[in-house]
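Structure for the following, please:
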Amino acid sequence: MEVLAHKPVLLEEALAALAIRPEGIYLDGTCGGGGQARGMLGRVGPDGRLRAVDKDPEAVRVGCELSAADHRFDIERGSFAMLGALVTQRGWAGRISGVLLDLGVSSPQLDDAVRGFSFRQDGPLDMRMDPDSGVSAADWIAEATEHEIARVLKEYGEERFAKRIARALVREREDVGPIRTTGQLAALVAAAVPSREKGKDPATRSFQALRIFINRELEDLDAFLPQVPQLLAAGGRLAIISFHSLEDRRVKRFIREQQRGDEFPPDMPVTADRLSPRLRKIGGAIRAGEDELRTNARARSAVLRVAERL
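A predicted model of the protein is given here:
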């Protein structure tokens, strides 16, 4: 999910992992700036198809321009959690040749201060990928209890100073007023954190946590993964790029469980042919090479995992 002027993280690795067939039907669940979509269309033949979704209206606008220029591509606004329903509507269930997800926030979203994702530039504290849906981070912080804020920071950001930060935010809104900008939030977090992680802004984990929570990112991933076996054709590929351990652990566990097959009681003797595995893992975790790391700092945390439908 990168801006058009930039090469998406792990682009070549993701395209290779999908093993794109010219006549295949593919899904891009996180269209973003369209970088991956263009890469996939460059390998799909004239009879192939690529369907994309994205929550962000700006991503959909970019996708609509691409769709107008290429009949093989179309896009719809929404979460990748809805891919199963969209595929079923088209009669494509069990016919998909590959699915690509590039999780997390995109470079265009980070670079636009108005979207409220970045602690590096001041802007409205929004953080919604779909600005027409749900509540903003500012509105949520204004109403949430200290306990709720601490839980979100701990659970979604793995922030060890979650309670200190939550206490500071509640004190600020009670004594001074609502926290309405990214600059305010970043300053409050920095003041509340007693020690620093080397090479990491003290606001990093808090911003990550709020963004994931506000956009229901893990809930969407949990809703999507069980759909994969029904989406993919035999030999179809799943490729997911994650940027933090909360996502990656879910993807890794899902692939492992699907490769193992059905669960039976531990005391029930079952032969391997009755386990019905649905996916097989393709290689291990794929990370960016030195050349990409030199030109794209965001690639440092990227992990690509791949599986194939049996």
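
how about residue 289, phi and psi?
phi -80, psi 170 (degrees, to the nearest 10).

While we're on it, how confident is the model there?
Predicted confidence (pLDDT) for residue 289: 95.

before we move on, what about residue 5?
For residue 5, the model assigns a pLDDT of 45.

Kindly report the same for residue 261.
So, for residue 261, pLDDT stands at 86.

thought it was touching residue 278?
Yes - with contact defined as C-beta atoms under 8 Å, residue 261 reaches residue 278; the gap is 7.2 Å. Where you see a C-beta, it was placed from the backbone N, CA and C, and this is true even at glycine.

any idea where the helices of the stretch 1-150 of the chain begin and end?
11-18, 35-41, 57-69, 83-90, 107-111, 137-143, 146-157 (DSSP state H, counting those that start in this stretch).

Just list the residues touching residue 109, thanks.
Under the criterion of C-beta atoms under 8 Å, 6 or more residues apart in numbering, the neighbours of residue 109 are 1, 56, 115, 117, 129.

Pick out whichever of those sits closest to residue 89.
Nearest to residue 89 among the contacts of residue 109: residue 56, at 22.0 Å, using C-beta to C-beta.

which phi and psi does the closest one have?
phi -80, psi 120.

coming back round to it: residues that sit against both of residue 261 and residue 278, list them.
By C-beta under 8 Å, 6+ apart, no residue touches both residue 261 and residue 278.

returning to that earlier point: among the contacts of residue 109, which has the minimum pLDDT value?
residue 1 (41).

Just give the nearest non-adjacent residue to residue 79, would you?
Distances taken as C-beta to C-beta, 6 or more residues apart in numbering place residue 220 nearest to residue 79, at 4.9 Å, with adjacent residues excluded.

so which strand or helix has the one you found?
Element membership of residue 220 [criterion: DSSP states H and E] is helix 217-224.

what's that helix packed up against?
On a contact count with 3 or more C-beta pairs under 8 Å, 6 or more residues apart in numbering; DSSP states H and E, helix 217-224 meets helix 245-260.

need the helix or strand of the protein with the lowest average pLDDT.
helix 107-111 (a mean of 80; mean pLDDT, DSSP states H and E).

returning to that earlier point: state the mean pLDDT of the helix holding residue 220.
Here the average pLDDT along helix 217-224 is 98.

CA-only coordinates of it in PDB, if you can.
The C-alpha coordinates for helix 217-224 follow below in PDB (Å, rounded to 0.1, in the frame of the first residue of the first chain):
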ATOM      1  CA  GLU A 217      -7.600  -4.100  11.600                       C
ATOM      2  CA  LEU A 218      -7.100  -7.300  13.600                       C
ATOM      3  CA  GLU A 219     -10.900  -8.100  13.600                       C
ATOM      4  CA  ASP A 220     -10.900  -7.700   9.800                       C
ATOM      5  CA  LEU A 221      -7.900 -10.100   9.500                       C
ATOM      6  CA  ASP A 222      -9.600 -12.600  11.800                       C
ATOM      7  CA  ALA A 223     -12.700 -12.400   9.700                       C
ATOM      8  CA  PHE A 224     -10.900 -12.800   6.400                       C
END
